[in-house]
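Enquirer: Please find the sequence and the predicted model below.
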Amino acid sequence: MSCNNYGENKVIFSIHPDKKGIFLERLNRFVGLVKIEEKIAYVHIHDPGRLSELLYEGNEILLKRYDSAKRKTSWEIIASKLGNEWILTNSKFHSKIAERILESDFSPFGCLNDIVSEVKYGKSRLDFYIPSKNLWIEVKGCTLLKDFAALFPDAPTSRGRRHIEELIKIRENGVRSALIFLVFVPAKFFSPNWKTDPKFSEALDNAHRMGVEIHAIRLNYDGSKIAYEGEIPIRFENE
């Protein structure tokens, strides 16, 4: 398998929405109300974050329709407007986007051709294991922007902290481990969100000191295609 550079525009993935809508209300963690062509509909929110800067009454969103008897809602939010940009707000695509990056010439670890997905380690299931490099990788998506900084998380996450603790254990055993943050906002740098979740942030800083490889990758979604824009700096300090 040859590595892909995705051409001049570095488009690594496509997500084609079916409709635009207006967000009205978040009813719970997974369900919201939206207006689609003057009709009110329930919509699935596939992201565990608060997303309060993106999912608020009156904001424009992109929706995809999924017709299945197993679903409680036919619509799912794909992206939300932030200024003039669309921000991907659907975490189910994170793993596939990360895999496209890892299989390319601009992978932080070199082009990988033996990616194994969803592998159990300890009490967690990590996103990827790379047998040829004996490398474990976890992926997180970042959608919070404040003063040119991409911040993660936007809500306390014990699950996220547990993933980092597993990556640290792997590294302590002499094996490579890594964490990739997919940054979907127009940020100049990435930082742990010390104010919102100091325990996660402390764990991330500790992981960095222990040698866990951490990368923040900026991506742009134009409402149809996701393009790779390169890595951005990471600031671990609590300011």
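Expert: Yep, that arrived.
Enquirer: wait, is Tyr129 part of a helix?
Expert: No. Under DSSP: H, G, I helix; E, B strand; the rest coil, Tyr129 falls outside any helix and is assigned strand.
Enquirer: What number of residues are in the vicinity of it?
Expert: 18 (other C-beta atoms under 10 Å). All C-beta atoms are positioned from the backbone trio N, CA, C, and that covers glycine.
Enquirer: Could you report the separation of Leu219 from Leu51?
Expert: Look at Leu219 and Leu51: by C-beta to C-beta, to the nearest Å, they are 17 Å apart.
Enquirer: One more: Ser158?
Expert: From Ser158 to Leu51 the distance is 19 Å (C-beta to C-beta).
Enquirer: These two: which is more packed in?
Expert: Leu51 (21 against 10).
Enquirer: Make sure the more buried one is indeed in a strand.
Expert: No. Applying three-state DSSP, one finds Leu51 to be coil, outside a strand.
Enquirer: got the contact list for the top helix by length along the chain?
Expert: In the chain, with assignment by DSSP state H, the single longest helix is helix 158-172. Residues from elsewhere that reach helix 158-172 (C-beta atoms under 8 Å, 6 or more residues apart in numbering): 121-124, 126, 136, 138, 140, 153, 176-179, 197, 199-200, 203-204, 206-207, 210-212.
Enquirer: at 6 Å what do you get?
Expert: Helix 158-172 is contacted by residues 121-122, 124, 136, 138, 153, 177, 199-200, 203-204, 207, 210-212 when judged by C-beta atoms under 6 Å, 6 or more residues apart in numbering.
Enquirer: Look up the pLDDT of the residue positioned nearest the centre of the chain for me, please.
Expert: Centroid-nearest residue in the chain: Gly141, 1.6 Å away (criterion: C-alpha atoms, centre = their mean). For Gly141, the pLDDT comes out at 97.
Enquirer: now do Met1
Expert: Met1 carries a pLDDT score of 55 in this model.
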